[in-house]
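> Starting from these lines, generate the structure:
(2 chains)
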Protein chains: 2
Amino acid sequence: MNQVRLEINAQRMMQRLHALAAVGQTADGSCCRVALTDEDRAGRDLVVQWMTDLGLQVSVDPIGNIFGYRPGQREDLAPVMTGSHIDTVRTGGIYDGNYGVLAGLEIIECLNEASQQTQRGLVVAIFTNEEGVRFTPDMLGSLVYADGMALLQALALTDKQGVTLGAALEKIGYAGTAPLGVHRPHAFVELHIEQGPILDAEQRQIGVVEHLQGISWQEITIGGQANHAGTTPMALRHDAGYAAAAVMTFVRDLAREMGGHQVATVGQVKLTPNVANVIAAQAVLTVDLRNTNESLLNVARDRLAGFLAHLAQAEGVSIEISDKVRFAPVSFDVGLTDLVEQQAESLGYTNRRLNSGAGHDAQMLSRICPSAMIFVPSVAGISHNPAEHTEACDLAAGCQVLCQTLLVLSN
Amino acid sequence: MNQVRLEINAQRMMQRLHALAAVGQTADGSCCRVALTDEDRAGRDLVVQWMTDLGLQVSVDPIGNIFGYRPGQREDLAPVMTGSHIDTVRTGGIYDGNYGVLAGLEIIECLNEASQQTQRGLVVAIFTNEEGVRFTPDMLGSLVYADGMALLQALALTDKQGVTLGAALEKIGYAGTAPLGVHRPHAFVELHIEQGPILDAEQRQIGVVEHLQGISWQEITIGGQANHAGTTPMALRHDAGYAAAAVMTFVRDLAREMGGHQVATVGQVKLTPNVANVIAAQAVLTVDLRNTNESLLNVARDRLAGFLAHLAQAEGVSIEISDKVRFAPVSFDVGLTDLVEQQAESLGYTNRRLNSGAGHDAQMLSRICPSAMIFVPSVAGISHNPAEHTEACDLAAGCQVLCQTLLVLSN
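Take a look at the predicted model:
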């Protein structure tokens, strides 16, 4: 059965992508299907209908994850799972998440057309709230599925209006009854757009993901002294705005100096009172540090902490550090990663190994089974943006690699 | 007549300060009498009543400036003017502006009690909209009085609700009929709190103001490229937030390096989208540069412009510079400054020469007559804040120096 070769139908996959994109489409061409909203429900309903039409056995677990199951010849063996998410950010593109789910359905349809039954069953999964826009944390559905958070704790999470996640799930009709952890997989492979510039810049079709960056996201609160911009000599200032800028330039220099896979970003800054002629009394900024190597990430955190202590003393400002997000790096299964690479090679696609700077459901699944990810290029690295784009030929290539990988794993 | 010495009544001046502070007082102890509001009207009404009670001839010009005139023996000689403003910022203290006006009234009352008539008449002036909170620019009443802006242009200015300054003046009943430039003075002396930390830090009672800083206030708009904080390698970023931080640290280093009276402040920064895990697409920040020396201020501006050009190229970002405020420095009249210093010395007050980092009505008056300013300490340099404070003994000292200076000038 290892010699099976299916030709996926790229046009059919694109039709489903565009049909799903039309649900929650906004005036600027964005996709807006924030998890557990009416638009998310409409998107779920559409994909569940497609699953049913393809003969998949659909089940929904209590955190709203959806599973479309195609039985194999050997019901005693754990199934092979693929999938991703279909929720979006408020200004989402049409590929992020959706592509991985709909590529899975395309492969199911190919198998149906070829009347092929794999030895292991196949599951196409849709995980709840990957984006984490309305409910924090992100990747919540896969986290709960993989035993990373207790169900009751997850259901009790609230949005800014105080609505619980449990109530929101009930409201959209996706508080399911399948047992948590249903279809516990033999292996999980997630196909996704890169959301970064590397494959596009190097004109490679397939990315074989080795590691997923660890994330340290800290909020830094700097307390200075508000004062008059004209009357206060430079030497007498305790300028929270300047201190914030010093942090921003420090982390950028730090990442450049450390090199490798270290990145550092300050994307959010708020000065108080934020008036042109008043020295800032307070600055609140976020520092997002990422590295594929946990000990190097800790080096970066330590060096930042050291700099902040020095800065507080030098500027006469108070500095508080609050940890907001901390994920350790994930290394995907070596055997599975090799398998993906072999399939890309044997199909003749240009490819390279790379790391993911974004979080994905596969990092949660890797807690419970061998997992891997396949990336396709994002034009100019743009994502979370209506300009998010991947060429159709690259989408087809990624689906073909996923197809062959799933066939090997399930036969 | 040069030997006249009057003893001012500090307690009486403090009573007027506190009575005026009660008008527009807010729950946190701030004074809120924004120019041309009902609170401003109530404050004006109170001070005009005091002027009338003191026998002053009150006139109001078409921009709402109020003049209380005490005739001298020689009506053929131009009068000597003192005064300031009584409008406040939204969270104003009780001394800023008010002190200069009410010290003037205290001196009038002393002269009345002593039945002394000066040779030149004396004028206590209240200038409209010094703070510039509701209508821009600030120091508007004195600017128009000193021919720096046409009356019709000033009356046509609008607030954020589209109300014209002319209509607001009519509404509070202070669109007067006295000719613009009435009581054109022989000399103008303004008494004011320092609003900076120097006198307080050095424990001196009187500041003799030599120069008023020139101001350059620019808005810098940096256009970068929004991108994912995890997936975008450092070398491929066009980070508007980093570029903003580089500007912030550059201007601080520049001011420190230039030394002297150069100060530089970035008090306002806005990143877009301002999200922790998104590289900023845009940053808008203000750069406030001040120096008492116009050519040095231009050096600072030029060096900033050079840095911005370099930064735009190095980071691959667009940078636009927009001039928002540009005032040349003002040097006060040398003879008048010497006179103030002599009075402070002969009264035995500790004193020093210094510069003003804030704008004041005296800078406008200096366009049409010899002008000077007297400062008293601001505790910790705090102003525009309910915590604004000056010790009563320092307020008395400043009033006494003003009194002796006015007596010399008017006799």
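> low pLDDT regions in chain A?
A:1-4 (pLDDT under 70).
> the helices in it, which residues?
Applying DSSP state H to chain A gives helices spanning A:10-21, A:38-53, A:98-113, A:140-145, A:151-155, A:165-172, A:198-202, A:240-258, A:294-315, A:334-346, A:361-365, A:392-410.
> Pull out the buried positions in the third one.
Residues of helix A:98-113 classed as buried by neighbour count (16 or more other C-beta atoms under 10 Å in any protein chain shown): A:98-111. From N, CA and C alone the C-beta is placed, and that goes for glycine too.
> Report how many residues lie close to the residue lying closest to residue A:231 once chain neighbours are set aside.
Spatially, and ignoring its direct neighbours in sequence, residue A:231 is nearest to residue B:196 (2.8 Å; C-beta to C-beta, 6 or more residues apart in numbering or on different chains). Residue B:196 has 27 neighbouring residues, counting by other C-beta atoms under 10 Å in any protein chain shown.
> repeat for residue A:280
Residue A:280 has 31 nearby residues by other C-beta under 10 Å.
> quick one: it and residue A:270 touch, right?
No: the criterion here is C-beta atoms under 8 Å, and residue A:280 misses it with residue A:270 at 9.6 Å.
> and the closest residue to chain B within the stretch 1-150 of chain A, what is it in contact with?
Nearest residue of the stretch 1-150 of chain A to chain B, counting by C-beta to the nearest C-beta: residue A:91, 9.0 Å away. Applying C-beta atoms under 8 Å, 6 or more residues apart in numbering or on different chains to residue A:91 gives the contacts A:26, A:28, A:30, A:32, A:384, A:385, A:386.
> Let's have the helices of chain A in a markdown table, adding distance to residue B:157.
As requested, these are exported to a markdown table (distance: least, C-beta to C-beta, whole Å):
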| stretch | distance to residue B:157 |
| --- | --- |
| helix A:10-21 | 50 |
| helix A:38-53 | 47 |
| helix A:98-113 | 53 |
| helix A:140-145 | 53 |
| helix A:151-155 | 56 |
| helix A:165-172 | 50 |
| helix A:198-202 | 52 |
| helix A:240-258 | 30 |
| helix A:294-315 | 39 |
| helix A:334-346 | 67 |
| helix A:361-365 | 58 |
| helix A:392-410 | 57 |
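> So the residue nearest to residue A:231 versus residue B:355, what's the distance?
For residue B:196, the distance to residue B:355 equals 9 Å [C-beta to C-beta, to the nearest Å].
> Next: residue A:155.
64 Å.
> Looking at the two, which is more packed in?
residue B:355 (24 against 19).
> Now for the more buried one: which residues touch it?
B:209, B:210, B:211, B:212, B:213, B:261, B:292.
> what pairs with it across the strands?
Beta-bridge pairing for residue B:355 (DSSP bridges): residue B:211.
> can you redo the contacts of residue B:355 as JSON lines with neighbour count?
Formatted as JSON lines, those follow (neighbours: other C-beta atoms under 10 Å in any protein chain shown):
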{"residue": "B:209", "neighbour count": "24"}
{"residue": "B:210", "neighbour count": "18"}
{"residue": "B:211", "neighbour count": "19"}
{"residue": "B:212", "neighbour count": "26"}
{"residue": "B:213", "neighbour count": "26"}
{"residue": "B:261", "neighbour count": "20"}
{"residue": "B:292", "neighbour count": "21"}
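> Show me which pair in these is furthest apart.
Greatest spatial distance among the contacts of residue B:355 (C-beta to C-beta): B:209 and B:261, at 12.6 Å.
> Is any residue of stretch A:264-273 near chain B?
Yes: part of stretch A:264-273 sits near chain B under the criterion C-beta under 8 Å from any C-beta of the partner chain, namely A:264, A:265, A:266, A:267, A:268, A:269, A:270, A:271, A:273.
> Which of those residues are buried, as a ChimeraX select command?
Only the buried entries of the residues of stretch A:264-273 next to chain B go into this ChimeraX selection, using 16+ other C-beta under 10 Å:
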select /A:264,265,266,267,268,269,270,271
